[in-house]
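Give me a 3D structure for the following:
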Amino acid sequence: MDATHSRSSSRVAVLVRRYAERVASRRYSRRTVEIYTQALERFCAFLDGKGIVRAMDVTRSDIEEYRAGMVDRQWKPASVEVFIRAIKQFFRWLEQTQEVFCNPAEGIVIRKIQSPIMPVPTEEEMTSLLATPDTTTYTGLRDRTILETAYGTGMRVEELSRLMVRDVDMVNGTVRVMGKGERERVLPLGAQAVEWLRRYEAEVGKRTAAGGRPPELWVTQYGKPLGYVAIRLGIVRHGRDSGVQTRITPHSLRRACATHMLRRGAHPVDLQMLLGHASFSHLSQYLRLTITELQAVHARSKPGS
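Below is the predicted model of the structure:
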């Protein structure tokens, strides 16, 4: 349907590139820009296959056919709707800029996808995970510090990987994070994370005294910056080595932070600010989980029976 990734030269493709530049300039996250660009480039390839080169020639049935093709190819429902949302927003922009006068996507309904409740590591599993790195080695000490920081703050792995030394204030126990849309927030670190950060920084200082401390917070034993991929793979590897049943990923640490804080009485609004969600609705995953657990406790205890 849309397997080709060649760069189309159709009029629609030119508009897609202009729209992608606009999205990139409006403080959307890099990941959002990538997803929207990919969605629209694939849609262009689909239109090319039908011989449609002008945006004004696209009809609602073309968009519905494109959606049906993704469903037939067994795309995840959530992925299908993300792509359709990108197409709707693209045509809304075309209408606003008078590139089209009849919006073919206007009547397309974005279907509400109830995402499954993702598993969350228990507090006991988190204790086991945190104890997994061998902190007698530099790499183990650094990785323990990464795990403590991720779990203690709930920050996204992209945010974690971009931290600089100047972002950490160990005196006040806070860390400055640049989140999605370049929105800055200051997070509390917690005593455990601060303690491990002190130990880690002392070790880095000893190793880099001659050459000077790199500005990046996370560095290899040779003083080179540790990138996003290395941090992500390290978290997954320690999850496997820990032997815990719940699959460990950077996002499962974020879910663990949020869920455990809710259980301990954190207010959802405070949690929204901590996690950097623009909308309260993004907390539904964590709230649904705690309600499900409450129902299970209710069923086991059978109050009133």
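
tell me the secondary structure for the closest residue to residue 239 other than its chain neighbours?
Excluding the flanking residues, the one nearest residue 239 by Cβ to Cβ, 6 or more residues apart in numbering is residue 248, at 2.4 Å. C-beta coordinates here come from the backbone N, C-alpha and C atoms, glycine included. The three-state label given to residue 248 by DSSP: H, G, I helix; E, B strand; the rest coil is coil.

Number of residues surrounding residue 248?
24 (other Cβ atoms under 10 Å).

Look up how far residue 162 lies from it.
21 Å (Cβ to Cβ, to the nearest Å).

ok so, going back, do I have it right that the residue nearest to residue 239 meets residue 237?
No. The pair residue 248 / residue 237 is not scored as a contact, 9.1 Å apart, by Cβ atoms under 8 Å.

Would you agree residue 23 falls within a strand?
No. Residue 23 is assigned helix when assessed by three-state DSSP, not a strand.

Quickly list the domain ranges of this protein.
11-96, 123-301 (automatic domain parsing).

Select from the ones you listed the stretch with the lowest mean pLDDT.
Among these, domain 123-301 carries the lowest mean pLDDT, a mean of 82.

returning to what we had before: what sits against the residue nearest to residue 239?
By Cβ atoms under 8 Å, 6 or more residues apart in numbering, residue 248 lies in contact with 121, 129, 235, 236, 238, 239, 240, 242.

Buried residues, stretch 236-254. List them.
Judged by neighbour count using 16 or more other Cβ atoms under 10 Å, the buried positions of stretch 236-254 are 238, 239, 242, 244, 246, 248, 250, 252, 253, 254.

Please state the offset of it from the chain centre?
With Cα atoms, centre = their mean, to the nearest Å as the basis, stretch 236-254 stands 16 Å off its chain's centre.

got it, and stretch 224-237?
15 Å.

All the strands of the protein, residue numbers only.
168-169, 174-178, 184-188 (DSSP state E).

Comparing those, which comes out most buried?
strand 174-178 (a mean of 18; mean count of other Cβ atoms under 10 Å).

Strand 184-188 and that one, what's the angle between them?
150 degrees (axes from the mean of the first three to the mean of the last three Cα atoms, to 10 degrees).

and residue 212, how many neighbours?
Residue 212 has 8 nearby residues by other Cβ under 10 Å.

Would you tell me which of the strands of the chain gets closest to residue 220?
strand 168-169 (18.4 Å; Cβ to Cβ).
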